[in-house]
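Visitor: make a model of this:
(one chain, ligands or ions: 1)
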Amino acid sequence: MSSEVAGYRAQADSIREAFERKFERFARFLNKRINGENVVDVTEFNLSLEEAQAELRALSDLETWYVGRKSQLSALKKLIGKVSPEERSGFGQYLLLTQIAGTDKIAEVESNLQSYIWKKRSERERVDVTLPGRRPRRGHLHPITQLRQRIEDIFVSMGYAVEDGPEVETDFYNFTALNIPELHPARSPQDTFYTTGGLSLRSQTSTVQVHAMQRRRPPLRVIAPGRVFRRDTPDATHNPMFFQVEGLLVERGVQMGHLKGTLSEFVRRLFGAGTRTRFRPSYFPFTEPSMEADYSCFKCNGAGCRLCKGSGWIELGGSGMVHPNVLRAARINPDEFSGFAFGLGIDRMCGLMYELDDIRLLFENDVRFLEQF
Ligand SMILES: [Zn+2]
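Guide: I've put the predicted structure just below:
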């Protein structure tokens with residue numbers, strides 16, 4: 001061997017010795033040879049996840065120092081070409097073995113640390129059933145829906161069925177069957193939304209009365225909550241779409257006292273046992289006689305406040321005895337059966353209960369507003 005190559009080999013030996021010293025801290029992560037078998041028990045590493053990750057990074061630094069492009073070993077490999085052809089392959093072999101002696105150990109430790117980290121991670125991510133869960137943020141029903149359901153519950157407990165009806169109606173159901181004459185202003189396109197095909201969006205839930213009477217023959221008790229549409233310009237107290245509940249009872253021998261008793265009982269169940277009612281004569285095409293119902297203000301109990309505009313009373317809605325023509329339109333004999341009907345505005349009631357200054361808030365669906373209920 002030439003003295004030149006012997007010098008190179010000595011350099012390689014000292015690089016390897018330096019490596020062995022640097023590698024000592026990782027030696028405990030190597031496999032153990034027990035009865036000729038490679039065994040490793042990563043649980044003995046006894047590191048936190050973060051410590052194990054730090055060890056892995058330090059190992060990667062050592063690898064770079066040992067065999068990286070700028071390492072001393074790589075610098076020696078570049079000299080292979082300068083060695084005489086007779087000695088070239090022997091020297092090359094020597095450097096390769098030196099390199100492998102280190103990289104084999106590095107690969108073994110890397111693999112063991114990786115499986116330790118994997119194990120630690122899965123332990124950390126395992127569900128601990130004793131910990132309180134992270135609850136998903138729960139929403140809730142819209143305030144109008146909440147009130148509608150309370151109203152439904154009250155009437156269902158009084159024996160009413162909840163009825164549904166179409167929102168797009170023919171002229172017959174929206175007007176004619178409700179005894180609304182040909183030239184009545186409610187039929188005007190200024191008040192009602194018409195489709196190009198001559199249908200209209202229902203302007204009141206009373207349309208369901210006729211459907212209900214046709215579908216269920218008397219005696220019947222139904223309420224029909226739903227959306228109605230009128231060509232109003234939206235402002236603090238109006239919206240072109242709003243919610244009503246329609247009530248209808250048709251039986252033998254029904255008279256005005258039953259209607260008054262029903263509405264009085266309803267407001268007592270909704271606003272409290274002390275709630276009083278009063279009735280004022282009114283006019284609707286589909287009831288005769290007709291009346292408006294008021295109830296004593298739930299806030300001031302009738303004393304007068306801002307909510308009831310100082311009167312002590314709040315308007316509940318329109319009502320009356322079903323007009324004989326409406327019964328006839330549903331092929332019910334008005335001499336045999338009579339009935340009463342009433343209509344309540346849900347959103348108006350909702351606006352009062354929550355003291356909203358602007359009813360449009362209920363329809364804009366701004367979550368910051370709706371979250372308060
Ligand atoms: Zn009041």
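
Visitor: and stretch 87-99, how far from the chain's centre?
Guide: 68 Å (CA atoms, centre = their mean, to the nearest Å).

Visitor: ok, and what's touching it?
Guide: Stretch 87-99 is contacted by residues 1-2, 5, 8-9, 12-13, 15-16, 66-67, 73, 76-77, 80-81, 83 when judged by CB atoms under 8 Å, 6 or more residues apart in numbering. C-beta: built from backbone N, CA, C; applies to glycine.

Visitor: so P136 belongs to a strand, correct?
Guide: No. Using DSSP: H, G, I helix; E, B strand; the rest coil, the secondary structure at P136 is coil, not a strand.

Visitor: and the helices in the chain?
Guide: With DSSP state H applied, the chain shows helices at 3-23, 49-67, 72-77, 85-125, 143-157, 171-174, 207-215, 256-271, 324-329, 346-353, 361-364, 367-370, listed in chain order.

Visitor: where in the protein is pLDDT low?
Guide: Scanning the chain for pLDDT under 70 picks out the ranges 128.

Visitor: center of it, which residue is that?
Guide: The chain has G139 as the residue nearest its centroid, 5.8 Å off, counting by CA atoms, centre = their mean.

Visitor: quick one: closest of the helices of the chain to the ion.
Guide: Closest of the helices of the chain to the ion is helix 346-353, at 9.5 Å (criterion: CB to the ion).

Visitor: check contacts around A293.
Guide: Residues counted as contacts of A293 (CB under 8 Å, 6+ apart) are 263, 277-279, 315-319, 342.

Visitor: save the residues you listed as JSON lines, and put in neighbour count and distance to P334 too.
Guide: JSON lines is the format used below for the contacts of A293 (neighbours: other CB atoms under 10 Å; distance: CB to CB, whole Å):
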{"residue": "L263", "neighbour count": "23", "distance to P334": "22"}
{"residue": "T277", "neighbour count": "18", "distance to P334": "27"}
{"residue": "R278", "neighbour count": "15", "distance to P334": "28"}
{"residue": "F279", "neighbour count": "17", "distance to P334": "22"}
{"residue": "E315", "neighbour count": "17", "distance to P334": "29"}
{"residue": "L316", "neighbour count": "24", "distance to P334": "26"}
{"residue": "G317", "neighbour count": "19", "distance to P334": "24"}
{"residue": "G318", "neighbour count": "21", "distance to P334": "20"}
{"residue": "S319", "neighbour count": "25", "distance to P334": "18"}
{"residue": "F342", "neighbour count": "23", "distance to P334": "19"}
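
Visitor: nearest to the ion, of those?
Guide: The nearest one, if we look at these relative to the ion and count by CB to the ion, is E315, at 12.3 Å.

Visitor: just give me the neighbour total for the closest residue to the closest one other than its chain neighbours.
Guide: Distance criterion CB to CB, 6 or more residues apart in numbering; nearest residue to E315, sequence neighbours excluded, is D294 at 5.6 Å. Look at D294: counted by other CB atoms under 10 Å, it has 21 neighbours.

Visitor: then the one 4 residues further on?
Guide: Look at F298: counted by other CB under 10 Å, it has 18 neighbours.

Visitor: so it touches A273, yeah?
Guide: No. Counting by CB atoms under 8 Å, F298 sits too far from A273 to count as a contact (11.8 Å).

Visitor: which ones are touching the nearest residue to C350 once chain neighbours are set aside?
Guide: Nearest non-adjacent residue to C350, counting by CB to CB, 6+ apart: L147, 5.0 Å away. For L147, the contacting residues are 346, 349-350, 353, by CB under 8 Å, 6+ apart.
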